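**Q** Make a model of this:
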Amino acid sequence: MERLVTAAVERALAEAAAWSSPSGGKIDAPALLLGLLTQSECRAAILLSEHGIDARRVCQRWPSLRRQAGAEPASGTLREASGSLNAAGGSYRLSREVEWAWRLAAARLADCPQPIVFGTEHVLLALACGDHEVSEWLRQQGIDPDVLDAQLHQQYGCYLVERADANSQPLDMPDDAIPAEPTCGAPDTARPQASAKAAGAGIGSEVSSGGGSLTVEVPEGPGPSPAPRHPSSAKGGEAAAPSVEVLRVLDAVANRAGEGLRVVEDYVRFVLDDRHLTERCKGVRHALTAALARVPFAWRLAARETLADVGTTISTPAEQVRRGAAEVARANFVRLQESLRSLEEYAKTFDGVLAAEMERLRYAVYTLHRAVETTQWAVSRLAATRLYVLVDGRSSADELAALVRALVQAGVDAVQLRDKRLDDRQLLERARRACEAAHAGGALFVVNDRPDLAALAGADGVHLGQTDLPVKEARTVLGPEALVGVSAHSIEQARQAVLEGASYLGVGPVFPSATKHFEQFPGLALLRAVAAEIRLPAFAIGGVDWGNVGEVLATGIRRIAVSSAVVGAADPAEAARQLKTLLGPA
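**A** The predicted structure follows:
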């Protein structure tokens with residue numbers, strides 16, 4: 001299938017392909033964002049600039065981006081850009097997150113006159129409305145996909161389905177301020193290859209270029225359907241309105257989903273007191289409202305018949321009892337997930353776009369559910385854990401075991417073994433001895449980097465850095481009850497770790513450290529940011545000692561992880577006691 005794009009998008013794709021990333025040669029979201037920024041005269045780059053987003057910030061946020069050796073910037077006229085694309089084979093592969101985001105953007109614009117020539121503002125919409133790290137970051141910077149969606153609808157003069165909060169968080173520009181993409185850079189023309197296939201395609205396997213066919217390798221799938229029309233106005237090829245019976249199902253299940261989501265959001269907001277997860281709940285709620293707007297609310301009301309509903313009088317005793325707030329949240333998560341599946345299945349009978357959006361939201365809720373449950377569990381398990389000490393393997397297993405016993409007796413709550421010198425056999429022996437000593441005193445024991453050795457040693461968990469195994473792989477090795485800590489050097493990394501199922505965070509580095517070299521120090525500002533929005537247990541890391549622990553506590557972070565401040569002291573046990581006193585009661 002074909003998807004028509006402007007010259008600016010062609011150049012942005014060429015530029016994005018010049019940046020290597022962890023996506024195995026595919027264009028991923030950070031690289032595509034960089035590509036958009038190179039088209040400085042086009043609307044996407046202007047919008048990004050208005051929100052303080054430039055290439056430097058993107059490279060700082062995603063330091064894994066590296067320009068490929070010998071890659072030349074994509075610049076010049078349409079003819080030159082198109083020629084270079086053809087010379088290179090004209091083939092670009094998209095990562096799964098970009099592929100899905102592009103489908104979502106096409107689905108949002110399905111009710112616009114077709115075919116739409118995708119410009120940079122459409123690509124920005126795709127990046128902003130997805131469910132991945134770049135999407136979340138863009139929304140945090142103020143790029144609201146619903147606002148951009150509404151403005152694109154107005155620009156293209158299409159039937160606009162009312163969307164939730166479409167006028168909230170404006171993009172600091174009038175509604176008519178988005179110019180048509182061909183005004184950017186070299187002049188562009190509509191492609192003569194447009195076909196009926198392109199009109200209905202969400203995103204297919206080809207993107208038409210100025211000098212030929214630009215291939216984007218994306219698995220084919222059903223194209224987005226237009227929003228349902230009333231039977232009296234339906235034309236050939238348009239989706240007809242659902243039957244009254246299906247509308248009754250949609251109305252009841254949509255109400256159930258919305259009610260369940262509100263209950264969950266209240267738990268996250270008032271019980272967990274977690275701003276990050278509350279914002280995720282709010283995002284799901286707004287997306288659900290926007291998607292359901294494809295079915296006119298008046299139709300739902302007309303089909304509603306509560307008085308004749310045979311299910312209103314059926315209940316079980318278990319429905320009337322909840323053993324605490326956490327069980328209330330769990331029951332309503334299940335209710336929400338079941339409702340989204342029901343909405344997805346019944347939407348398939350008349351609107352494929354609505355069905356696809358319900359599927360996407362269902363998976364987003366699965367991730368949210370895990371994050372909420374993990375946070376609740378971790379808060380309980382680590383409630384009394386305030387002082388966390390990192391130790392090396394010492395000169396022998398006996399010396400290490402003696403040190404751990406002394407630290408635990410002095411009040412240390414958790415011990416982590418971190419040693420890059422020892423071979424695996426030595427490290428396993430040390431881990432087993434240290435684990436025995438920690439558990440004998442009632443403390444937790446964690447191994448750095450190595451979930452395999454942590455499992456063999458009987459440790460409580462593992463701590464991972466940003467370049468270590470993902471949380472998913474570590475938990476596969478250690479099991480569902482293990483602690484999996486993650487180091488976070490930015491607020492975005494902290495948020496992502498929460499969604500990935502981390503049990504706690506190591507946040508920093510706060511100050512220069514005698515045991516580990518860092519090039520940058522996010523410092524106290526990062527501690528304040530994490531304390532303000534994330535309830536998952538967080539330990540300040542990097543150079544914390546008795547002289548600066550007061551500054552740490554002033555940020556709202558109540559836990560610290562230290563190394564040289566204790567093990568480098570003349571009397572490690574006494575140093576631990578002093579720090580524990582400064583931390584105060586749990």
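**Q** For the chain, which helix extends over the most residues?
**A** Ranked by number of residues, the top helix in the chain under DSSP state H is helix 352-381.
**Q** And it, what does it pack against?
**A** Contacts defined by 3 or more CB pairs under 8 Å, 6 or more residues apart in numbering; DSSP states H and E place helix 352-381 against helix 96-108, helix 275-292, helix 325-347, helix 491-500. For glycine as for every other residue, the C-beta is placed from the backbone atoms N, C-alpha and C.
**Q** can you list the domain ranges for this structure.
**A** Domain segmentation of the chain under automatic domain parsing yields 2-217, 244-378, 382-583.
**Q** Put together a markdown table for those domains, with mean neighbour count on each row.
**A** Shown next, in a markdown table, are the domains of the chain (neighbours: other CB atoms under 10 Å):
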| stretch | mean neighbour count |
| --- | --- |
| domain 2-217 | 19 |
| domain 244-378 | 17 |
| domain 382-583 | 20 |
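**Q** Would you mind giving those as TSV with mean pLDDT added?
**A** Below are the domains of the chain laid out as TSV (pLDDT from 0 to 100):
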stretch	mean pLDDT
domain 2-217	63
domain 244-378	91
domain 382-583	96
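**Q** hang on, the earlier thing: right, and the helices and strands packed on helix 352-381 - which one's nearest Asp419?
**A** Closest to Asp419 of the helices and strands packed on helix 352-381 is helix 491-500 (CB to CB; 23.8 Å).
**Q** Show the subsequent helix or strand relative to the closest one.
**A** Of the helices and strands lying after helix 491-500 in sequence (DSSP states H and E), the nearest is strand 504-507.
**Q** Give me the helices and strands touching that next one, please.
**A** Using 3+ CB pairs under 8 Å, 6+ apart, the elements in contact with strand 504-507 are strand 483-488, helix 491-500, helix 523-533, strand 538-540.
**Q** Which of these sits closest to Asp398?
**A** Comparison of those against Asp398 by CB to CB identifies strand 483-488 as nearest, at 26.4 Å.
**Q** Tell me who's in contact with Leu456.
**A** The contact partners of Leu456, by CB atoms under 8 Å, 6 or more residues apart in numbering, come to 428, 431-432.
**Q** what's the spacing between it and Leu483?
**A** Counting by CB to CB, to the nearest Å, the gap from Leu456 to Leu483 is 16 Å.
**Q** Ok, Ala290 next?
**A** Between Ala290 and Leu483 the distance is 38 Å, computed by CB to CB.
**Q** Could you do Leu94 as well?
**A** In terms of CB to CB, Leu94 sits 36 Å off from Leu483.
**Q** try Ala371
**A** Ala371 is 16 Å from Leu483, by CB to CB.
**Q** next one: Arg285
**A** 31 Å.
**Q** ok, and the closest non-adjacent residue to Trp62?
**A** Distances taken as CB to CB, 6 or more residues apart in numbering place Pro30 nearest to Trp62, at 4.1 Å, with adjacent residues excluded.
**Q** Spit out the contact partners of the one you found.
**A** Counting by CB under 8 Å, 6+ apart, Pro30 has contacts 19, 21, 58, 61-62, 65, 134.
**Q** Could you say which helix or strand holds it?
**A** helix 29-38.
**Q** Then Gln578?
**A** Element membership of Gln578, judged by DSSP H and E, is helix 572-583.
**Q** quick one on the thing from earlier: in helices, which of the contacts of Pro30 appear?
**A** Counting by DSSP H, those contribute 58, 61, 134 to helices.
**Q** Which of these sits closest to Ala529?
**A** Using CB to CB, those come closest to Ala529 at Arg61, 14.2 Å.
**Q** Quick check, the closest one in contact with Glu136.
**A** No - Arg61 lies out of contact with Glu136 (CB atoms under 8 Å); the separation is 11.4 Å.
**Q** Please name every helix or strand in contact with the helix or strand that the helix holding Pro30 is followed by.
**A** Using DSSP H and E, the next helix or strand after helix 29-38 towards the C-terminus is helix 43-50. Using 3+ CB pairs under 8 Å, 6+ apart, the elements in contact with helix 43-50 are helix 29-38, helix 120-128.
**Q** From the chain's centroid, how far away is stretch 39-47?
**A** 25 Å (CA atoms, centre = their mean, to the nearest Å).
**Q** likewise stretch 274-286?
**A** So, by CA atoms, centre = their mean, the centroid of stretch 274-286 is 12 Å from its chain's centroid.
**Q** ok, back up a step: closest to Val562 out of the contacts of Pro30?
**A** Among the contacts of Pro30, Arg61 lies closest to Val562 (CB to CB), at 28.4 Å.
**Q** So Asp545, which state does it fall into?
**A** Look at Asp545: counting by DSSP: H, G, I helix; E, B strand; the rest coil, its state is coil.
**Q** Look up which helix or strand the nearest residue to it once chain neighbours are set aside falls in, please.
**A** Leaving aside its sequence neighbours, Asp545 sits nearest to Ala565 (CB to CB, 6+ apart; 3.8 Å). Using DSSP H and E, Ala565 falls within helix 564-567.
**Q** What helices and strands are in contact with that helix?
**A** strand 387-391, helix 572-583.
**Q** So what's the gap between it and the chain middle?
**A** Distance, centroid of helix 564-567 to centroid of chain: 36 Å (CA atoms, centre = their mean).
**Q** How about residues contacting it?
**A** Contact partners of helix 564-567, identified using CB under 8 Å, 6+ apart, comprise 389-392, 403, 407, 412, 513-515, 544-546, 572, 575-576, 579.
**Q** now with 6 Å?
**A** Outside helix 564-567, the residues within contact range by CB atoms under 6 Å, 6 or more residues apart in numbering are 389, 391, 514-515, 545, 572, 575-576.
**Q** how about these in a markdown table, adding distance to Ala126?
**A** Converted to a markdown table, these look like this (distance: CB to CB, whole Å):
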| residue | distance to Ala126 |
| --- | --- |
| Val389 | 46 |
| Val391 | 48 |
| Ala514 | 46 |
| Thr515 | 44 |
| Asp545 | 47 |
| Pro572 | 54 |
| Ala575 | 53 |
| Ala576 | 52 |
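**Q** would you turn the helices and strands packed on helix 564-567 into CSV with distance to Asp351?
**A** CSV is the format used below for the helices and strands packed on helix 564-567 (distance: least, CB to CB, whole Å):
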stretch, distance to Asp351
strand 387-391, 52
helix 572-583, 56
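**Q** nearest to Asp423, of these?
**A** Going by CB to CB, the one of those nearest Asp423 is strand 387-391, 17.8 Å.
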